[in-house]
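**Student:** next come a sequence and a model predicted from it.
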Amino acid sequence: SGAGAGAGDGRAASDDRDDAGLLGDERGSDRGGGAGGREEGTRARRAAGFAAMDATYRDAVLAELDAISRCSREPEIRWGSVYFGGGTPSLAPLETLRGVMRRIKGEGEGCDGHEKCTSGEGAGGSSFRLEDDAEVTIEMDPGTFDRPYLESVKDMGFNRISLGVQSFDDDVLANMGRVHRAADVRRSVELIREVFGGDANYSVDLISGAPGLTLANWSEALREAVGLRPPPAHLSLYDLQVEEDTAFGRWYDVGDEDEDEGGAGAVPDAIVDPGPSSSSLRPALPSASDRAFMYSYASGYLRSRGYEHYEISSYALRDDGGNRNNDGDGSGGASPRPSRRRSRHNGTYWAYDGRWHAVGLGATSRADGRAKHARPRALADYVSWAQGLGRFPAEGEPPWLRGEDLDDDNEDDEKDNDSLLDVVMTRLRTSDGLDLDWVLRREGGHMGEASVEAILNGFADALEWDLGIWERDPGGRSGRGLIRLKDPAGFLFSNFIISNIFAELSDLGP
């Protein structure tokens, strides 16, 4: 899928050894004629088809990076973070990962003859540079890599792993359709330790609300996660969202009322129960009350084990390695010293004026710090789109610098309003909260005052029900202060509170 980087992001590839590695389990058997020969021929055709598709996709991603270099208004783009995600990048051939990483780092050899990626030629051309302390992450699934693959990934410059564990219970993993098992998780963490050392920077993803998941399963999953060695520097906890027109949606009755209006689907809806299974043979989904308990329990448990709950679904190991301070007031307030293990890359998305480039299928960028631009989500459409980027900058600015979506005909003031709504949502999903003085400065004059009043009106229920805090003069400064949701109760009802604020802001008009 896509890629991104701190003032931008990136994605990656693989080498010849790994091309073979993807097929390793299927080689060496049935080499004779008959059924064995036919099976090997089928595997060879599939491998050839995958290689051709991979080469086409890699060329499209590199073409997009070239276009960013040619068209940038800055003489040099410095990447503060890079993130290879979407799908399973650890299934990508190493030569693809390596080729994209070389281009991101501005290395001439990786440009495959495309001199513009490093020379800064063209109108406003730019060179690329990866900061020395950049956070460079790749998503990997347990069981999809071995030690040589991981060593190659490290050699390319990746210094952070996002491991898609999901669960430590084999039955729950099977219910979710995952192909790995708990033993694969433990072996993958062991490989990370062997290659990156005892202080390896890796994150673990877990999913609550899954079919067949019980409160006991969830408690055990959290215990196992923090008991890994080395311990995860970061944890991301997501609630399974069962949506219509999906396999789970067909198995379980879901309606529009179960959709996540707050975006990102990280927190259980504490009000609505999932529908019943359409078959008694399928494992039941946890109830709404159980899902809410899972969320609250995780927050308390992980904070007690030394993790900072800094975003609605994100936990970072504190720098002291596990101060057992539980932040017991439930305020969800930011630590005086935020953990250095927070995801720097995600922090760019949550920043007030965050700017990032993104490349790849379905990737979304915000290069101008205000409006977002999404790439096509179908492979053929994306490749065609990327091939057409050669006309820029001769035909003007490319769409991502204009903050223009492919099918977007909104007026500028509507885009700016969407940008404000996006900031309100993302900031209230963090423990740092939303700075109302920033809203005043951004909107300016009467509109700034009206926007702050609308936000406070929408936040009123959070204050009345003790779900949020309004710090009117944080840090001893004068101004309107900041608002934030309490942990965990405020986060649990974040969708409701944020929707109220959106309604109040929408009443202001463009």
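**Tutor:** Cool, the structure landed. On a predicted model such as this, the values are computed, not experimentally measured, just so you know.

**Student:** can you get me a residue count around residue 179?
**Tutor:** Residue 179 sits with 11 neighbouring residues when counted by other CB atoms under 10 Å. In this view, the C-beta of every residue, glycine as well, is placed from N, C-alpha and C.

**Student:** give me the pLDDT for it.
**Tutor:** The pLDDT attached to residue 179 in the predicted structure is 92.

**Student:** could you do the one 5 residues further on as well?
**Tutor:** The per-residue pLDDT reported for residue 184 equals 97.

**Student:** before we move on, what about residue 405?
**Tutor:** 56.

**Student:** in what helix or strand does the residue nearest the centre of the chain lie?
**Tutor:** Taking CA atoms, centre = their mean, the centroid of the chain lies closest to residue 346, which sits 6.7 Å from it. Assigned by DSSP states H and E, residue 346 falls within helix 344-350.

**Student:** which other helices and strands does the next helix or strand after that helix contact?
**Tutor:** Where DSSP H and E defines the elements, the next helix or strand beyond helix 344-350 is strand 357-360. Judged by 3 or more CB pairs under 8 Å, 6 or more residues apart in numbering; DSSP states H and E, the packing partners of strand 357-360 are strand 2-5, strand 9-10, helix 34-71, strand 364-365.

**Student:** the same query, at a cut-off of 6 Å, please.
**Tutor:** When contacts are defined as 3 or more CB pairs under 6 Å, 6 or more residues apart in numbering; DSSP states H and E, strand 357-360 packs onto strand 2-5, helix 34-71, strand 364-365.

**Student:** just checking: what are the partner strands of that strand?
**Tutor:** Strand 357-360 has its sheet partners listed here by DSSP bridges as strand 2-5 (antiparallel).

**Student:** surely residue 213 and residue 171 touch.
**Tutor:** No - counting by CB atoms under 6 Å, residue 171 is not a contact partner of residue 213; they are 9.4 Å apart.

**Student:** for the protein, which helix or strand comes out least confident on mean pLDDT?
**Tutor:** Lowest mean confidence among the helices and strands of the chain (mean pLDDT, DSSP states H and E): helix 16-23, at a mean of 29.

**Student:** shaky segments in the stretch 201-350 of the chain?
**Tutor:** For the stretch 201-350 of the chain, the stretches flagged by pLDDT under 70 are 245, 250, 253-280, 321-336.

**Student:** quick one: the strands in it?
**Tutor:** 202-208, 234-239, 307-311, 314-317 (DSSP state E, counting those that start in this stretch).

**Student:** circling back to that earlier point, report the buried residues of the helix holding residue 346.
**Tutor:** Going by neighbour count (16 or more other CB atoms under 10 Å), the buried part of helix 344-350 is 344, 345, 346, 347, 348, 349, 350.

**Student:** nearest to residue 51, of those residues?
**Tutor:** Nearest to residue 51 among these is residue 345, at 29.7 Å by CB to CB.

**Student:** just give the closest residue to the closest one, not the sequence neighbours.
**Tutor:** residue 81 (3.9 Å; CB to CB, 6 or more residues apart in numbering).

**Student:** repeat for residue 243
**Tutor:** Nearest non-adjacent residue to residue 243 (CB to CB, 6+ apart): residue 249, at 5.3 Å.

**Student:** and for the one you found, the neighbour number?
**Tutor:** When neighbours are counted by other CB under 10 Å, residue 249 registers 16.

**Student:** state the distance from it to residue 172.
**Tutor:** Distance of residue 249 to residue 172, computed by CB to CB, to the nearest Å: 19 Å.

**Student:** again with residue 438
**Tutor:** The separation that residue 438 has from residue 172, given CB to CB, amounts to 42 Å.

**Student:** the more surrounded of those two?
**Tutor:** Between residue 438 and residue 172, counted using other CB under 10 Å, residue 172 has the larger neighbour count: 22 against 18.

**Student:** which SS state does that one fall under?
**Tutor:** Following DSSP: H, G, I helix; E, B strand; the rest coil, residue 172 is assigned to helix.

**Student:** these two touch, right, it and residue 213?
**Tutor:** Yes - using CB under 6 Å, residue 172 is in contact with residue 213, at 5.4 Å.

**Student:** residues contacting residue 470?
**Tutor:** residue 483 (CB atoms under 6 Å, 6 or more residues apart in numbering).

**Student:** which strand residues bridge it?
**Tutor:** Where residue 470 sits in a bridge, its partners, by DSSP bridges, are residue 483.

**Student:** and it, how close does it get to residue 320?
**Tutor:** Shown here: residue 470 relative to residue 320, a distance of 30 Å by CB to CB.

**Student:** which stretches of the stretch 251-400 of the chain form helices?
**Tutor:** 288-304, 344-350, 379-387 (DSSP state H, counting those that start in this stretch).

**Student:** what does the shortest one contact?
**Tutor:** By that I understand helix 344-350. 6, 81, 83, 135, 354, 356, 426, 430.

**Student:** so which of those residues wins on neighbours?
**Tutor:** Comparing these by number of neighbours (other CB under 10 Å), residue 83 comes first, having 30 neighbours.

**Student:** that one belongs to a helix?
**Tutor:** No - using three-state DSSP, the secondary structure at residue 83 is strand, not a helix.

**Student:** my guess is it meets residue 136, correct?
**Tutor:** No - the criterion here is CB under 6 Å, and residue 83 misses it with residue 136 at 8.0 Å.

**Student:** with adjacent residues omitted, what lies nearest to residue 219?
**Tutor:** Spatial nearest neighbour of residue 219, excluding adjacent residues (CB to CB, 6+ apart): residue 297 at 6.9 Å.

**Student:** residue 337 - how many residues pack around it?
**Tutor:** Neighbours of residue 337 under the rule other CB under 10 Å: 10.

**Student:** one more: residue 247?
**Tutor:** Residues lying near residue 247 (other CB under 10 Å) number 9.

**Student:** any idea how far stretch 349-356 is from the middle of the chain?
**Tutor:** Its chain's C-alpha centre and that of stretch 349-356 lie 14 Å apart, by CA atoms, centre = their mean, to the nearest Å.

**Student:** same check on stretch 86-98?
**Tutor:** Per CA atoms, centre = their mean, the centroid offset for stretch 86-98 relative to its chain is 16 Å.

**Student:** next one: stretch 39-47
**Tutor:** Taking CA atoms, centre = their mean, the mean C-alpha location of stretch 39-47 is offset from the chain mean by 34 Å.

**Student:** and what of stretch 156-168?
**Tutor:** 12 Å.

**Student:** could you give the average pLDDT over it?
**Tutor:** So the average pLDDT for stretch 156-168 ends up being 97.

**Student:** can I have that stretch written out in PDB, keeping just the CAs?
**Tutor:** Below are the C-alpha coordinates for stretch 156-168, written out as PDB (Å, rounded to 0.1, in the frame of the first residue of the first chain):
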ATOM      1  CA  MET A 156      18.500  -0.800   4.700                       C
ATOM      2  CA  GLY A 157      18.100   1.600   7.700                       C
ATOM      3  CA  PHE A 158      14.900   0.400   9.300                       C
ATOM      4  CA  ASN A 159      15.200   0.900  13.100                       C
ATOM      5  CA  ARG A 160      11.600   0.200  14.300                       C
ATOM      6  CA  ILE A 161       9.300  -2.700  13.700                       C
ATOM      7  CA  SER A 162       5.500  -2.700  14.000                       C
ATOM      8  CA  LEU A 163       4.500  -6.300  14.700                       C
ATOM      9  CA  GLY A 164       1.000  -7.300  13.800                       C
ATOM     10  CA  VAL A 165       0.500  -9.800  16.700                       C
ATOM     11  CA  GLN A 166      -3.300  -9.200  17.200                       C
ATOM     12  CA  SER A 167      -3.600 -12.000  19.800                       C
ATOM     13  CA  PHE A 168      -1.700 -14.700  21.700                       C
END
